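K.L.:
no sequence on hand, only this structure:
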């Protein structure tokens, strides 16, 4: 295969596209990490809650947010909301609410406030 330096070839197009995609995804990953750090600040504490039904909640607490990770819900960042007792974190439409008081936590989902993660304690 002879290299033609003065014209665009199919190989050079593919290499350029692949290079663009690699740089794009690296930038996306670095940018997201920087955004989380600048918006949320440093994490205050990390906890793993083990629930009665064998489920678990990984939680990372920030000043006004919590980052939870569950098998069913995936990864969620929830802002802190008003609570009478303990800490309450909810998404915008309050379809997912994470409650935490001391070593206990639970998650409610939907309008009926059904506890999908209940009797969860830190491990």
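P.N.:
Looks like it arrived, so ask away. Remember, predicted model here, so these are calculated numbers, not experimental data.

K.L.:
any low-confidence regions in this structure?
P.N.:
1, 3-5, 32-38 (pLDDT under 70).

K.L.:
show me the contacts for the residue nearest to the spatial centre of it.
P.N.:
Taking Cα atoms, centre = their mean, the centroid of the chain lies closest to residue 75, which sits 3.5 Å from it. Shown here is residue 75, whose contacts under the criterion Cβ atoms under 8 Å, 6 or more residues apart in numbering are 67-69. Every C-beta, even on glycine, is put in place using the N, C-alpha and C of the backbone.

K.L.:
name the nearest of these relative to residue 56.
P.N.:
Sorting those by distance to residue 56 puts residue 69 at the head of the list, at 9.2 Å, by Cβ to Cβ.

K.L.:
bridged to the nearest residue to the closest one once chain neighbours are set aside, which residues?
P.N.:
Of all residues not flanking residue 69 in the chain, residue 58 sits nearest, at 4.3 Å (Cβ to Cβ, 6 or more residues apart in numbering). Listed beta-bridge partners, residue 58: residue 48, residue 69 (assigned using DSSP bridges).
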